[in-house]
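Undergrad: requesting a structural model of the entry that follows:
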Amino acid sequence: MILTLIVVFSALFVVTHLGLSHGAVRQGLVDTLGLWPFRGLYSLISFLTLGPAAVLWWQNRHLGPVLWELPWWPERIIAALLVLFGLLLFFQSLATPSPASMAPAKNEARGVLRITRHPMNMALALWGLAHLLANGTLGDVAFFGSFVIVGVVGAYHMDARLKREKGEDFREFCKQTSVLPFGVILRGRNRLAVDELSFPLAVIAIAVSVVLTFFHGRFFGGELF
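TA: Below is the predicted model of the structure:
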């Protein structure tokens, strides 16, 4: 029963998060409620779906059949590197807000936005992916998988809406960057400019990653090293 609830609430989090932000649905609710009441409702529904999933998962970790069990190095080494990269993206986004976020920002691909125009979404997805590598039971997969889906699919979903709302300037910005990290850099349409990144925020991200990695067992259970 508890496993079913974890899966159901995790799925509801994904469905409502993406469904309520869908163009016609979102616009209809914004027209009816107003923008900020809609955002309040959106946040409340996210809390009412993700909250129970998080509590139930935390109290019943590693519940259900094992879907996969990986060797030590991808489970721990690669997972730790994914978390580190996600933290770097997250903290760098504080220095260079994306026009794809709610914060006002220029349609300019610089800093971390050369890597991805959705650094916070990608940070969330990388965190979820790292934990999927290390946790292959059904309850864990349902819970952490919801973050990967919301992070990646939500970014593309957001782009489709913003292209309609913001017009040509935003579409041109999208051509200079990508959702998936390093996408346009690998295609030669942009470059990595290290000098545009915040060194202090990078140091903070690395420090947080080190603390979370080596004290993971004390904070959350489950030793990484």
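Undergrad: if you count contacts, what does the helix or strand containing Leu133 end up packed against?
TA: Using DSSP states H and E, Leu133 maps to helix 119-134. Using 3 or more Cβ pairs under 8 Å, 6 or more residues apart in numbering; DSSP states H and E, the elements in contact with helix 119-134 are helix 79-95, helix 138-166. Bear in mind the C-beta positions are built from the backbone N, C-alpha and C, glycine included.
Undergrad: those: which one's closest to Met1?
TA: helix 138-166 (12.0 Å; Cβ to Cβ).
Undergrad: now that closest one: mean pLDDT?
TA: On average, the pLDDT along helix 138-166 is 93.
Undergrad: quick one: that helix to helix 119-134, angle?
TA: Angle of helix 138-166 versus helix 119-134, following axes from the mean of the first three to the mean of the last three Cα atoms, to 10 degrees, is 160 degrees.
Undergrad: other SSEs contacting helix 138-166?
TA: Helix 138-166 makes packing contacts with helix 2-19, helix 23-33, helix 35-59, helix 119-134, helix 168-176 when contacts are defined by 3+ Cβ pairs under 8 Å, 6+ apart.
Undergrad: that one to helix 2-19, inter-axis angle?
TA: Relative orientation of helix 138-166 versus helix 2-19 (the same axes, to 10 degrees): 10 degrees.
Undergrad: quick check: buried residues in helix 138-166?
TA: 138-155, 157-159, 162 (16 or more other Cβ atoms under 10 Å).
Undergrad: from Ala100, how far out is the residue nearest to Phe170 when sequence neighbours are not counted?
TA: In space, and not counting its chain neighbours, Phe170 is closest to Leu162: 5.3 Å by Cβ to Cβ, 6 or more residues apart in numbering. Leu162 sits 6 Å away from Ala100 when distances are taken as Cβ to Cβ, to the nearest Å.
Undergrad: out of the helices and strands packed on helix 138-166, which one sits most buried?
TA: Of the helices and strands packed on helix 138-166, the one with the most neighbours on average (mean count of other Cβ atoms under 10 Å) is helix 119-134, at a mean of 22.
Undergrad: ok, Leu162 to Leu89 distance?
TA: Applying Cβ to Cβ, the value for Leu162 to Leu89 is 19 Å.
Undergrad: I misspoke; the intended subject was His17.
TA: In terms of Cβ to Cβ, His17 sits 20 Å off from Leu89.
Undergrad: equivalent analysis for Phe199, please.
TA: For Phe199 relative to Leu89 (Cβ to Cβ), the value is 15 Å.
Undergrad: neighbour count winner among the two?
TA: Set Phe199 next to Leu89 and count neighbours by other Cβ atoms under 10 Å: Leu89 wins out with 23 against 10.
Undergrad: nice, that's everything, thank you.
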